[in-house]
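Chemist: sequence first, predicted model second:
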Amino acid sequence: MRNKTREISIGGVKIGAGHPIAVQSMTNTKTEHVEDTVEQIQKLTQAGCDIVRVAVPTMEAAKAVSEIKKQIMIPLVADIHFDYKLAIAAVENGADKIRINPGNIGSKDRIRAVVDKCREKNIPIRVGVNSGSLEKPLLEKYGGVTPEALVESALDKVRIIEEMGYENLVISIKSSDVLNCIHAHEILAARTDYPLHVGITESGTVFSGGLKSAVGLGNILYQGIGDTIRVSLTGDPVEEIRAANIILKALGLKKGGISVVSCPTCGRTQIDLIGLATSVEQMVQEFDLNIKVAVMGCVVNGPGEAKEADIGIAGGIGEGLLIKKGEIIKKVPESELLTVLRQELENWDKAGG
């Protein structure tokens, strides 16, 4: 059961209030380089990104938002630190949401100037706090970075904006410590009904960061907490989208797209199962089908293990089987397995599955 949160619109995407959890990523291009940034956003969109964030460290980057917006199909969030003028410029140039930490924007007059501009354009503000940005008084009060400190910091910032009469807000609290992050979200979800953007910050590389994010996000989302997520990885941002969608599908929070299951290798494996499974996982991204594909390493247990999949392949010695719903359809040379599977997927709707 999802937590009940307020509905917030980010461009054409609605979050909170039971809407599907939106997947986010952030470009690693220089935002000023419009062509490079647009190209990366288009790749992210194709991979399944719902909302994209760009860094706005300069006035040139803020002005680039306008041109980028003309060439993309998903909402754009401007990420601003320190300079309130950049936040205002990003909004004026069409950002669909801004991400700020009021604690590093400066005086209340500067925060108010940003809030007033967002109110004028009716765009949401994501109030972001992470473990590296906690104020010294809170660190002293709690004896370091704790879940309670993260929550207090975030709600203090939210209160500043609320007192200015604006509540079009999304809250984000992130920590690189998985357990701290989980507990902080449990506390925060019980104390607010604003939509929450969830992630494990600075989680690491595609491999280690993906695992940490799966543990942290999986735990948080399973409790019904979270309205939009980002898997923060040191690597190609497209990998963030792939990981996020796998996490959501594993929890039953996202439908659609081909799901690939594959068996672990063992002494019975007579084919390049690792290479085959990797190729299948890459190939199925071309198809918009809501089915499960199995890749099995041997013909001994392959048909039985693949019976819950819609379609599957199982390898033998230089050959393999094509399987549908656990039934063997035909035997083909190993070199043709991927081609035969592709042909089946291409004609899936025509053949009625």
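Modeler: Yes, it's here. Given the structure is predicted, the values throughout are model-derived calculations rather than measurements.
Chemist: could you find the closest non-adjacent residue to Gly318?
Modeler: Of all residues beyond its chain neighbours, the one nearest Gly318 is Glu334 (5.3 Å), with distances taken as CB to CB, 6 or more residues apart in numbering. C-beta here means a position set from N, CA and C on the backbone, and glycine is covered the same way.
Chemist: which residues touch the one you found?
Modeler: 271, 315-316, 318-320 (CB atoms under 8 Å, 6 or more residues apart in numbering).
Chemist: in the protein, which helix or strand is least confident?
Modeler: Least confident helix or strand of the chain, by mean pLDDT, DSSP states H and E, is helix 302-305 with a mean of 65.
Chemist: let me know whether Met164 touches Val115 as I believe.
Modeler: Yes - if you go by CB atoms under 8 Å, Met164 and Val115 touch, sitting 4.8 Å apart.
Chemist: how far away is Val91 from Arg99?
Modeler: 12 Å (CB to CB, to the nearest Å).
Chemist: common neighbours of the two, please.
Modeler: Jointly contacting Val91 and Arg99 under the rule CB under 8 Å, 6+ apart are Ala78.
Chemist: out of the contacts of Glu334, show me where the pLDDT dips lowest.
Modeler: Scanning those for pLDDT, the low point is Ile271. It has 71.
Chemist: quick one, phi/psi of the closest residue to that residue other than its chain neighbours?
Modeler: Nearest non-adjacent residue to Ile271, counting by CB to CB, 6+ apart: Gly315, 3.4 Å away. When read as degrees, to the nearest 10, the backbone of Gly315 gives phi -90, psi 150.
Chemist: could you do the one 3 residues further on as well?
Modeler: Geometry field for Gly318 lists phi and psi as phi 70, psi 10, criterion degrees, to the nearest 10.
Chemist: equivalent analysis for Ser25, please.
Modeler: Dihedral angles of Ser25 (phi, psi; degrees, to the nearest 10) stand at phi -150, psi 180.
Chemist: which ones are touching it?
Modeler: Going by CB under 8 Å, 6+ apart, Ser25 touches 44, 49, 52-53, 230, 237-238, 240-241, 244.
Chemist: in strands only, show me these.
Modeler: Secondary structure from DSSP state E places 52-53, 230 of the contacts of Ser25 in strands.
Chemist: burial of Pro137, as a residue count?
Modeler: For Pro137, the neighbour count with other CB atoms under 10 Å is 10.
Chemist: please shift the residue numbers so they start at 12 in all later answers.
Modeler: Will do, 12 is the new start, and the previous item becomes Pro148.
Chemist: could you check how far it is from Ala160?
Modeler: Taking CB to CB, one finds Pro148 at 10 Å from Ala160.
Chemist: show me where the stretch 262-364 of the chain has its helices.
Modeler: Ranges of helices in the stretch 262-364 of the chain, per DSSP state H, counting those that start in this stretch, are 284-294, 313-316, 348-357.
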